[in-house]
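1. Generate a structure from the sequence data that follows.
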Amino acid sequence: MALFNFKPKFCITVDMLKQIFTSVSNNRRDLLQFIVNDINVHMNKYKLDTPLRLSHFFAQIRQEVGLSLQTEENFTYSVSGLKTTYKYFKNNPEEAIKHGYPDGSPKNLRTVSEESQKFVANKAMGDRLGNLGSDTDDGWNFRGRGLKQLTGRDNYVDFANGYQEIWGGEYINFVYNPDLLHTNYKYIVHSGVYFWLKYKLYNVADQGSDESTVNLITGKINQHTKSYKDRYNHFKEIYDDKKIFQNI
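-> Below is the predicted model:
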């Protein structure tokens, strides 16, 4: 009976995560609950066993998936957004007009078809991160997914090859089944944890709560990102301002 009532001394809650992902919809609550359950059971294995480590981990995740916890990359851009973000569309403005929504559109009309998103992804990402070219569907098939927005054929291959070492079980070919990383809660969460463990980001996190430490982690995740300051601000809010995990 005592085991039935056992509660880990160290545990996170859905309410804690809702303070981080402040725009998450009710239909994503099951994902929040899965994240909580998985980390609470495996906190030592995942090296997410201190308030400092948790704060660094979720600060990066918040930047990757946003306040609404969107675990699949969106390629919806305005015409000018396509031209300024991707070289292909700067050099081919007629394609930007065809596949972007008109500048100045109201929020409810800022949409494009899935076919346009697919075209944008392939032209923008088709030659990067091991993808086999902009004339293939690799940019779309291996778009950012999961808690860390795993992106590119090389990273999907790496995740597939390293998955068994941590979680065991049968080999899962994420190159042939890339949608698993945004349709299956287990792989959504594990893809983020995998990157944290592979690059031993917990060791960096242990160095402290200063901006330079956050920047070191950011550099491991996305060296050339323009979001260094944003990621530090996320960390500061979680760790210093809200102190979300401090009383665990």
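
2. Contact partners for Phe10?
-> With contacts defined as CB atoms under 8 Å, 6 or more residues apart in numbering, the neighbours of Phe10 are Asn40, Met43, Asp49, Ile248. Where you see a C-beta, it was placed from the backbone N, CA and C, and this is true even at glycine.

3. With Ile97 instead?
-> Here Ile97 is in contact with Val79 (CB under 8 Å, 6+ apart).

4. May I see the buried residues of the helix or strand encompassing it?
-> If you go by DSSP states H and E, Ile97 is part of helix 93-99. For helix 93-99, burial by neighbour count (16 or more other CB atoms under 10 Å) applies to Glu95, Ala96, His99.

5. Any idea how many residues pack against Leu216?
-> Counted with other CB atoms under 10 Å, residues neighbouring Leu216 total 15.

6. Report the secondary structure state of the nearest residue to it once chain neighbours are set aside.
-> Leaving aside its chain neighbours, Leu216 sits nearest to Val204 (5.1 Å; criterion: CB to CB, 6 or more residues apart in numbering). Under DSSP: H, G, I helix; E, B strand; the rest coil, Val204 falls in the helix class.

7. show me where the chain has helices.
-> 14-18, 29-42, 51-65, 79-85, 87-91, 93-99, 114-125, 138-141, 153-167, 180-183, 185-198, 201-205, 211-221, 228-236 (DSSP state H).

8. Could you point out which of these sits nearest Lys107?
-> helix 79-85 (14.1 Å; CB to CB).

9. What is the closest one packed up against?
-> Packing partners of helix 79-85 (3 or more CB pairs under 8 Å, 6 or more residues apart in numbering; DSSP states H and E): helix 87-91, helix 93-99.

10. Can you give the distance of the first one from its chain's centre?
-> On the basis of CA atoms, centre = their mean, to the nearest Å, helix 87-91 is displaced by 26 Å from the centre of the chain it belongs to.

11. What helices and strands are in contact with it?
-> helix 79-85, helix 93-99, helix 114-125.

12. In CSV, list these along with distance to Val65 and mean pLDDT.
-> As requested, these are arranged in CSV below (distance: least, CB to CB, whole Å; pLDDT from 0 to 100):
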stretch, distance to Val65, mean pLDDT
helix 79-85, 19, 97
helix 93-99, 24, 98
helix 114-125, 17, 97
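
13. Looking at those, which is nearest to Ile172?
-> Closest of the helices and strands packed on helix 87-91 to Ile172 is helix 114-125, at 22.6 Å (criterion: CB to CB).

14. Quick check: which helices or strands does the closest one pack against?
-> Looks like helix 114-125 contacts helix 87-91, helix 93-99, helix 138-141 (3+ CB pairs under 8 Å, 6+ apart).

15. pLDDT below threshold where in this structure?
-> Across the chain, the ranges flagged by pLDDT under 70 are 1-9.

16. and the helices of the chain as a markdown table, adding distance to Lys243?
-> A markdown table is the format used below for those (distance: least, CB to CB, whole Å):
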| stretch | distance to Lys243 |
| --- | --- |
| helix 14-18 | 10 |
| helix 29-42 | 18 |
| helix 51-65 | 8 |
| helix 79-85 | 36 |
| helix 87-91 | 43 |
| helix 93-99 | 44 |
| helix 114-125 | 38 |
| helix 138-141 | 40 |
| helix 153-167 | 30 |
| helix 180-183 | 31 |
| helix 185-198 | 22 |
| helix 201-205 | 16 |
| helix 211-221 | 16 |
| helix 228-236 | 11 |
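
17. quick one, which of the ones you listed is nearest to Pro106?
-> Proximity to Pro106 (CB to CB) singles out helix 79-85 among these, at 15.1 Å.
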